[in-house]
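Asks: Sequence and predicted structure below; questions after.
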Amino acid sequence: MRHKKKFNHLGRTAAHRSAMLSNMASSLIVHKRIKTTVAKAKALQLFVEPLITRSKEDTTHSRRMVFRKLQDKDAVSELFREISTKIMDRPGGYTRILKIGNRLGDNAEMCIIELVDYNENMLTKEAKKAKKSARRRSKKKTTTPAAEVAAETPAETPTEKKEVEAVKEVETAKVKEDKEEK
């Protein structure tokens, strides 16, 4: 029975699996992003995240423990020099899996696994999201539903833009007339 045994065997012997994960982890550390199958990426995530956590403490013992798993001197030095300084304040979740579709040959589900702090595209999106201010209650609007629909729909051609502007002007004129009557 396989009670409490979480890891995926990936259809390989233990020696083949550990060698494959070691090579993939070294490639991930050196290149910051690799393309693989989803099953291998999930197994790699479980393999590499404890190594990255161990790299936060730069001691001889932790270097030796990481080298025991990776067996690649260049990857270990890269991990302890560059990556550990970037992820020092992150409490976990150092990798990200992005699914990219199926492979043509065998229809295997493919993905990209990458180090989170090294994707500039995602970092700029997160920075934009972080600028949100506190939520406030909005004032009541006195516009009609037609003006709201016109404001929400994006205009694609110049004539449509002119029509939307004309609808807005008519609605604002109606609102002004209503205010003047009161």
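Replies: All right, it came through fine.

Asks: Tell me, how many residues neighbour F47?
Replies: 20 (other C-beta atoms under 10 Å). Backbone N, C-alpha and C define where each C-beta goes, glycine included.

Asks: actually E181, sorry about that
Replies: Counted with other C-beta under 10 Å, the neighbours of E181 add up to 6.

Asks: same question, R54
Replies: Residues within reach of R54, counting by other C-beta under 10 Å, total 19.

Asks: residues touching it, list them.
Replies: S62, M65, V66 (C-beta atoms under 8 Å, 6 or more residues apart in numbering).

Asks: For E169, see how far away the residue nearest to D72 when sequence neighbours are not counted is.
Replies: Nearest in space to D72, with sequence neighbours left out and distances taken as C-beta to C-beta, 6 or more residues apart in numbering, is S26 at 4.2 Å. Counting by C-beta to C-beta, to the nearest Å, the separation of S26 from E169 is 64 Å.

Asks: which of the two has more neighbours?
Replies: Shown here are S26 and E169; by other C-beta under 10 Å, S26 has more neighbours (21 against 11).

Asks: Report the secondary structure element holding R136.
Replies: Here R136 sits in a region with no helix or strand, counting by DSSP states H and E.

Asks: before we move on, what about I100?
Replies: Per DSSP H and E, I100 falls inside strand 95-102.

Asks: do T36 as well
Replies: Counting by DSSP H and E, T36 is part of strand 33-37.

Asks: can you tell me the average pLDDT over that strand?
Replies: In this model, strand 33-37 carries a mean pLDDT of 97.
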